[in-house]
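Peer 1: Sequence and predicted structure are below.
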Amino acid sequence: MARADQVKALLRAYAGNEEAQFISVALQVAAEEAQRGHVKLAAELRDLIESARAPSSPRSKARALPLAQPRGELAELLTAQYPQQHLSQMVLSAEVEQKLARVLREQRQHERLSGHGLMPRRKLLLVGPPGTGKTLTASVLATELRLPLFVARFDSLITKFMGESSSKLRLVFDALKATRGVYLFDEFDSLGLQRGSQHDVAEMRRTLNMFLQLIEQDTSDSLIVAATNHGTSLDTALFRRFDDVIRYSTPDDAQIEVLLRNSLALLAQPSLDYPQLAQHGRGLSHSDIVRACEDAMKDAVLEHEDHVNAQSVIAHLKERSSSQLQLI
Ligand SMILES: Nc1ncnc2c1ncn2[C@@H]1O[C@H](COP(=O)(O)OP(=O)(O)OP(=O)(O)O)[C@@H](O)[C@H]1O
Ligand SMILES: [Mg+2]
């Protein structure tokens, strides 16, 4: 049976219309029943969860209501999303977790702070290797603060509006003032450079400088989240424009173990030796580990197995490690 705290969490998620949270607690209940050997009940719970998640379910239809979307010129520069990912779903170092908790705390009490002439943290630079949760963090901040997430499309800004990028960027910053939200500027420093043409590089530099100026001048209530993989090559002048710089890194053994436990919960065998499995994930990113678990679960489902097997998880983790080596 579900524990009282789980029933409370389910009710809280239902009342707050937080579907992802509701599903995640329900999955926990199913996983615990499976671990207790109540295989049939666990399978029934999983079927119920799957049908609740199906796109044809009445809840999904109710969610498909039209939501505020950028219009006109802005539509080409910003995409709006309404994410459902919670901080509790992320596996983070204590330092990153504390920093994010601090941002949420200051934002939740922003009126109180501004009443005393103080500004909440809202300009964040996220730095770290691929697949460690930078983009996910922007979604989580939006979910937790019940704000829309707007993703700025630097690619169309640079390539489509050659020569006009700076003025287009101003439009984005006007939107920041008009609509409070989390504005994600993803991979903001790598564009243009990848494309390699001299013209693109010059345009990129100009846009990047304009971006930094606009960040500095911005006094809106929105959150600005800039994410990059290139921590070491960024100069310190850039860091100063942000209220906080949050550094992400690949997970340590303990974090790998939690990621494996969370990702495999749905089909885990009670006897899985997680500490031993975790050793095979060393050096991989969070994203690689989550994907390897998904592949192992797909194997189990396709092979009509009740549980995911340790060998399959190890094989997929190894596959990810070797493709990483090839990339280097
Ligand atoms: N810290 C984390 N905790 C739990 N899951 C994570 C974490 N980081 C990444 N993931 C998983 O990996 C996926 C990809 O992560 P994300 O897109 O946030 O990485 P990123 O740091 O933005 O990478 P990139 O630099 O390539 O853009 C997420 O959707 C999630 O499934
Ligand atoms: Mg990203």
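Peer 2: Yep, it's here. Ligands and ions are numbered 1, 2, ... in the order given.

Peer 1: Is the residue lying closest to H307 once chain neighbours are set aside in a helix, a strand, or coil?
Peer 2: The shortest distance from H307 to any non-neighbouring residue, by C-beta to C-beta, 6 or more residues apart in numbering, is to Q269 (4.0 Å). For glycine as for every other residue, the C-beta is placed from the backbone atoms N, C-alpha and C. Here Q269 is recorded as coil under DSSP: H, G, I helix; E, B strand; the rest coil.

Peer 1: N17: neighbouring residues, count only.
Peer 2: By other C-beta atoms under 10 Å, 13 other residues sit near N17.

Peer 1: picking up where we left off before, which ones are touching the residue nearest to H307?
Peer 2: 307-310 (C-beta atoms under 8 Å, 6 or more residues apart in numbering).

Peer 1: likewise F188?
Peer 2: Per C-beta under 8 Å, 6+ apart, neighbours of F188: 152, 154, 208, 211, 226-228.

Peer 1: which among those residues are in contact with ligand 1?
Peer 2: For ligand 1, the contacts drawn from these by C-beta under 6 Å from any ligand atom are A227.

Peer 1: from the contacts of F188, which is closest to A178?
Peer 2: A152 (14.6 Å; C-beta to C-beta).

Peer 1: Name whatever forms a beta bridge with the closest one.
Peer 2: Beta-bridge partners for A152, by DSSP bridges, are L78, F185.

Peer 1: So it is in contact with E76, correct?
Peer 2: No: counting by C-beta atoms under 8 Å, A152 stays clear of E76, with 10.9 Å between them.

Peer 1: quick one: which of those two has more around it?
Peer 2: A152 (25 against 15).

Peer 1: Distance check, that one against ligand 1.
Peer 2: Distance, A152 to ligand 1, using C-beta to the nearest ligand atom, to the nearest Å: 14 Å.

Peer 1: what does L157 give?
Peer 2: From L157 to ligand 1 the distance is 18 Å (C-beta to the nearest ligand atom).

Peer 1: Now do stretch 151-159, average pLDDT.
Peer 2: Averaged over stretch 151-159, pLDDT sits at 76.

Peer 1: How about that stretch, which residues are buried there?
Peer 2: Neighbour-count burial for stretch 151-159, counted by 16 or more other C-beta atoms under 10 Å, picks out 151-154, 157-158.

Peer 1: Over to stretch 220-231?
Peer 2: Per 16+ other C-beta under 10 Å, stretch 220-231 contains these buried residues: 220-229, 231.

Peer 1: same check, this time on stretch 8-26
Peer 2: Buried, per 16+ other C-beta under 10 Å, within stretch 8-26: 9-10, 13, 18-19, 21-26.

Peer 1: ditto for stretch 118-125
Peer 2: Result for stretch 118-125 [16+ other C-beta under 10 Å]: buried residues 120-125.

Peer 1: Which stretches in the stretch 1-150 of the chain count as helices?
Peer 2: Here the stretch 1-150 of the chain has its helices, by DSSP state H, counting those that start in this stretch, at 4-15, 19-35, 39-53, 58-63, 72-75, 94-108, 110-115, 134-145.
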